[in-house]
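predicted model follows, preceded by the sequence.
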Amino acid sequence: MHQQPRTYVYIDGFNFEYAAFRCGPFARYRWLDLCSFSDVVLRRNDVVAVRFFTARLRPLAGDLRRHLQQAAYLKALTGLPRLSLHFGIFVRRRVTKRTTRRMPGVPAKVEVWDIEEKGTDVNLASFLVRDGFRDEYDVAVVVSNDFDLQTPIRMVRDELGKQVGVIPVRHTSVFARDADFALHVRGSHFRRSQLPRTVALADGTVVHKPPEWEAAAHE
């Protein structure tokens with residue numbers, strides 16, 4: 001019997017969020033079981049582990065619920081035995097930027113908060129190379145379309161001899177020449193991979209799907 005290849009999945013959380021939910025057509029499926037999703041998309045592989053790379057959101061004026069929604073989701077994910085969470089940080093800086101057009105009464109420069117996520121791509125690249133070096137997988141699948149990951153993907157293929165696939169979610173993959181294969185996802189992959197509305201964790205904690213996400217699922 002042909003053995004399915006041992007597969008690790010590496011998910012760039014904010015790249016995935018942006019492509020699939022914020023600007024993509026799958027917003028109703030945010031309450032996603034990432035392990036089940038990986039199994040459905042990679043049905044010919046043995047998905048041994050899923051690594052999810054993200055950063056914890058902070059409360060922001062005008063968006064006071066989003067960090068609570070994320071916190072509930074991350075808590076629910078801790079109940080998935082094959083999944084591990086890896087955190088970067090958000091850095092907030094006050095910066096001055098030029099306006100795009102000169103208009104009467106509008107200054108040429110304005111002061112804004114610049115919020116930047118740090119560490120996700122570095123963490124993903126580090127684990128991708130480390131796990132490959134340790135021979136923990138036969139196939140690595142990167143869920144991202146961030147060109148900063150080109151070098152580690154090439155290293156894993158060319159120097160470690162591992163197979164690397166990519167899932168860009170929406171767009172043509174920027175890794176077309178660097179990966180062994182690219183997979184494109186459909187709504188059915190998301191629909192079949194939802195967490196239960198109420199998730200009971202091993203420590204007795206019960207996590208509920210955010211009501212805003214529940215409402216979006218029925219739109």
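Okay, I see it.

and the closest residue to Ser84 other than its chain neighbours, how many neighbours?
Distance criterion C-beta to C-beta, 6 or more residues apart in numbering; nearest residue to Ser84, sequence neighbours excluded, is Arg51 at 5.4 Å. C-beta: built from backbone N, CA, C; applies to glycine. For Arg51, the neighbour count with other C-beta atoms under 10 Å is 21.

what's the answer for the one 5 residues further on, then?
Applying other C-beta under 10 Å, we find 13 residues neighbouring Arg56.

separation between it and Ser84?
Distance, Arg56 to Ser84, by C-beta to C-beta, to the nearest Å: 15 Å.

which strands or helices does the helix or strand hosting Ser38 pack on?
Assigned by DSSP states H and E, Ser38 belongs to helix 34-41. Other helices and strands packing on helix 34-41, by 3 or more C-beta pairs under 8 Å, 6 or more residues apart in numbering; DSSP states H and E, are strand 6-12, strand 46-55, helix 187-191.

ranking these by burial, who's on top?
strand 6-12 (a mean of 24; mean count of other C-beta atoms under 10 Å).

ok, and what's touching the helix holding Ser38?
7, 9, 11, 47, 50, 52, 77, 80, 82-83, 141, 167, 183, 185, 189-190, 192-193 (C-beta atoms under 8 Å, 6 or more residues apart in numbering).

equivalent analysis for stretch 189-196, please.
Residues contacting stretch 189-196 (C-beta under 8 Å, 6+ apart): 20, 26, 29, 31-34, 36-37, 39-41, 76, 209.

which single one of those residues is nearest to Ala108?
Of all those, Ala20 has the smallest distance to Ala108: 37.2 Å, by C-beta to C-beta.

just give me the neighbour total for the closest one.
Applying other C-beta under 10 Å, we find 21 residues neighbouring Ala20.

Thr151 versus that one, what's the distance?
Using C-beta to C-beta, we find Ala20 at a distance of 25 Å from Thr151.

for this structure, just list every one of the helices.
Per DSSP state H, the chain carries helices over the ranges 13-17, 34-41, 66-77, 120-133, 150-158, 187-191, 211-217.

report the contact partners of Val206.
Contacts of Val206 (C-beta under 8 Å, 6+ apart): 198-200.
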